[in-house]
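*Asks:* what follows is a predicted structure for the sequence shown.
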Amino acid sequence: MRHHLILRVITKLLVGAIMLFAFYVQFHGDFSPGGGFQAGVIMAVAFILYGLVFSLHNVQRVLPPWLVHKLVALGVLIYAGTGVVSMFLGYTFLDYGSFVPSHPSSGQHYGILAVELGVGVTVTAVMVAIYYAFAGRPPRLSDEEW
Amino acid sequence: MLVLTAVAVVRMRSLFAIAMLSGVFSLLSALLFITLDAVDVAFTEAAVGAGISAVLVLGTLALTSRFEKPTKRSPALPLFVVMVTGAALIYGTLDMPNLGSADAPAQLHVGPDYLERSVEEIDIPNVVTSILASYRGFDTLGETAVVFTAGIGVLMLISGLSRRRRRDDEDDESEEV
């Protein structure tokens, strides 16, 4: 992909913006449409775009496959862990009111934030891992055939 | 527009164009969801359907071939099955309440309760998020687990991590990309 100058410049500009938008969707999900699932996909798209334009090798230097595989599990752990923490605080599983007992609705805010973070991490990691799995195989089509 | 795109997808042979058109199809359905005021769903559809699945389909395409093989079998039986299924689905919609009618079962069950309590209990403007993450937290945990399991499954099928490692050990360094 040495020759695609325009693609490379535009990608460099876009990747940052896409990631910023992903974080916005992630943490602003309480107030506007969006949440962990959408943000995770958008974040994964940033990595995949980078990988498509600047080769798989370069993107794997930023986000190595072993880390992605750990993150897949970490997201579910964050989600379930939130529930377990609220159990340890003496409430039922996933009862976010437990985090700030004096003011349950702000406890809900923290809980939702943590849970959405878990969803986002898992979705990002799964999407990137699937992309790595597909792109990591030697392609049967050469570049010219497109 | 949706129908046009679907017909084009069926008629085409070039898989690359089909992948792109399915992205267009997703984008159009996202627009449909927006007109129905389901912004969160539209968002997901646009991001997942138009964005990432097109990329993944293209990735698969690079591993297989570019053109669909022409089939020799007659399309009569599949067409019949599709027609019957479609007719059954349309027949099913006859009984459905009108779009947005207040006495639809979907509006009478737990929905009004959530809408009423969300403001004081959760206190965030986006009720979709409060239902998804709080009232329906168990469901969403299950969904996350589904995504997790799907990811693990694809990884095991596609990359064959353990097999590759074993093979690498055998022929020292087989130049991984």
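*Replies:* Done, it's in. The structure displayed is predicted, hence computed values, not measured ones. Numbering: from 1, shown residues only, chains lettered A, B, ... in the order given.

*Asks:* how about B:Tyr135: what's its closest non-neighbour residue?
*Replies:* Using C-beta to C-beta, 6 or more residues apart in numbering or on different chains and skipping residues adjacent in sequence, the residue nearest B:Tyr135 is B:Tyr114, 5.7 Å away. (Glycine included, C-beta is placed from N, CA and C.)

*Asks:* just the pLDDT for that neighbour.
*Replies:* pLDDT for B:Tyr114: 76.

*Asks:* equivalent analysis for the one 4 residues further on, please.
*Replies:* Looking at B:Ser118, its pLDDT reads 73.

*Asks:* can you tell me the element it falls in?
*Replies:* Using DSSP states H and E, B:Ser118 falls within helix B:111-121.

*Asks:* okay, that helix in CSV with CA atoms only?
*Replies:* C-alpha atoms of helix B:111-121 as CSV (Å, rounded to 0.1, in the frame of the first residue of the first chain):
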residue,chain,number,x,y,z
GLY,B,111,-42.7,0.2,29.3
PRO,B,112,-44.8,2.9,31.0
ASP,B,113,-43.5,1.8,34.3
TYR,B,114,-39.9,2.3,33.2
LEU,B,115,-40.6,5.6,31.6
GLU,B,116,-42.3,6.9,34.8
ARG,B,117,-39.7,5.6,37.2
SER,B,118,-36.6,6.3,35.2
VAL,B,119,-36.5,10.0,35.8
GLU,B,120,-36.4,9.8,39.6
GLU,B,121,-34.6,6.5,40.0
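
*Asks:* tell me the buried residues in whatever helix or strand comes next after that helix?
*Replies:* Following helix B:111-121 in sequence order, the next helix or strand is helix B:127-130 (DSSP H and E). Of all the residues in helix B:127-130, those buried under the rule 16 or more other C-beta atoms under 10 Å in any protein chain shown are B:128-130.

*Asks:* how about the helix or strand that helix B:127-130 is followed by: buried residues?
*Replies:* Downstream of helix B:127-130, the next assigned helix or strand under DSSP H and E is helix B:137-158. By 16+ other C-beta under 10 Å, the buried positions in helix B:137-158 come out as B:137, B:140-141, B:143-144, B:147-148, B:151, B:154-155, B:158.
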